[in-house]
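Q: output the structure for:
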Amino acid sequence: MKALKQAFLKAIEEDSEFRYAIAGAIGLGEVLEELRRLREDFSKRFEALERKMLEHDKRFEEMNRRFEALERKMIEYDKRFETLERKLLEHDKRFEVIEKQLLEHGSAIKELVSAVTKLASQITSLGNRYGVFTEEALRDAMKYVVEDLLKSGRVVRWIYYDSSGVVYGRPSVVEVDLVIRDGEHVLVEFKASADRGDVAELYRIGQLYERVKGVKPRLVLVSPAIRRRARELAKELGVELRGVVSEV
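A: Numbers count the residues shown, from 1 in each chain. Got it, this is the predicted structure:
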């Protein structure tokens, strides 16, 4: 039996026809067919892979084109930024010049404001002096007319210490011109210009006078420049106005 096996193996090794016959007998045809199918399947897979590789190549080419376009845009943006940077530097220089000019103008404006303030102070001082002169002149004229010409009464300066603060809200000395004629007491106040505060002040002086003297006085405010709002308040409080009423 052993010799038979050795002879069989030797025949397979040395005789190709015998070998193929034995292979066919044991199903080599099926093996070869399976190998063929595998080869076809691999071929199809390689073809599909090749197509995918071609598609990927196309995609990579498209991506390369896009990157190239993006790179060109970036270069263009760099140029624009450089241009913008130069313009910003130019603007900075212009702003520095403008800032310097503004500082110079600011200094000139400060000097102008100082001069205007000084002038306004001088005008105010002059106006105050003029107001005092006007009030004194009117007071002297009234005293002359009432006492010397008409001889119908007397003009005095009523001075009283308002300890209760009726007029100014705190203890203070109150002064007002008083005309006494035929038993009638008239408080007269002269102002270079009259506003609501002047009307209210004379009204409170009248209240103080009535409290002290027991006599309700007439209240007369004389001014060459009376504000319209002062006239409205005077009408409410019963204060008589003599002078020119402005539209302001």
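Q: walk me through the domains of the chain.
A: Domain segmentation of the chain under automatic domain parsing yields 18-152, 153-245.
Q: dump those domains into TSV; add mean neighbour count as well.
A: The C-beta positions use only the backbone N, C-alpha and C, and glycine is treated the same way. Output for these, formatted as TSV (neighbours: other Cβ atoms under 10 Å):
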stretch	mean neighbour count
domain 18-152	11
domain 153-245	16
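Q: out of those, which is closest to A7?
A: domain 18-152 (11.2 Å; Cβ to Cβ).
Q: ok, whichever helix or strand G243 is part of: who's next to it in the sheet?
A: For G243, the host element (DSSP states H and E) is strand 240-245. According to DSSP bridges, strand 240-245 has the following sheet partners: strand 218-226 (parallel).
Q: now the strand or helix carrying F67: mean pLDDT?
A: Applying DSSP H and E as the criterion places F67 in helix 28-143. What helix 28-143 shows for mean pLDDT is 69.
Q: again with stretch 196-213
A: Across stretch 196-213, pLDDT averages out at 94.
Q: with distance to A3 as added columns, please give the domains of the chain in a markdown table.
A: Listed next are the domains of the chain as a markdown table, based on distance: least, Cβ to Cβ, whole Å:
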| stretch | distance to A3 |
| --- | --- |
| domain 18-152 | 17 |
| domain 153-245 | 150 |
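Q: of all those domains, which one is nearest Q6?
A: Checked against Cβ to Cβ, the stretch from the domains of the chain lying closest is domain 18-152, at 14.6 Å.
Q: who's in contact with stretch 45-53?
A: Residues outside stretch 45-53 that contact it (Cβ atoms under 8 Å, 6 or more residues apart in numbering): none.
Q: with just CA atoms, put it into CSV.
A: Presented in CSV, the C-alpha positions along stretch 45-53 are these (Å, rounded to 0.1, in the frame of the first residue of the first chain):
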residue,chain,number,x,y,z
ARG,A,45,-13.6,47.0,-7.9
PHE,A,46,-10.4,48.3,-9.3
GLU,A,47,-12.3,50.0,-12.1
ALA,A,48,-14.7,51.6,-9.5
LEU,A,49,-11.7,52.6,-7.4
GLU,A,50,-10.1,54.1,-10.5
ARG,A,51,-13.2,56.0,-11.3
LYS,A,52,-13.3,57.3,-7.7
MET,A,53,-9.7,58.2,-8.0
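Q: heads up, I number from 59, so please use that
A: Sure thing, new numbering starts at 59, so read that last one as stretch 103-111.
Q: name the SS class of G227, please.
A: coil (DSSP: H, G, I helix; E, B strand; the rest coil).
Q: could you measure from it over to L295?
A: G227 sits at a distance of 17 Å from L295 (criterion: Cβ to Cβ, to the nearest Å).
Q: and what of R228?
A: 22 Å.
Q: and K274, by the same measure?
A: In terms of Cβ to Cβ, K274 sits 13 Å off from L295.
Q: can you check K110 too?
A: 105 Å.
Q: and the strand holding G301, average pLDDT?
A: Per-residue scores along strand 298-303 average to 84.
Q: can you list contacts of that strand?
A: Under Cβ under 8 Å, 6+ apart, the answer for strand 298-303 is 252, 276-286, 288-289, 292.
Q: tell me the spacing between G301 and R254.
A: Separation of G301 from R254 (Cβ to Cβ): 15 Å.
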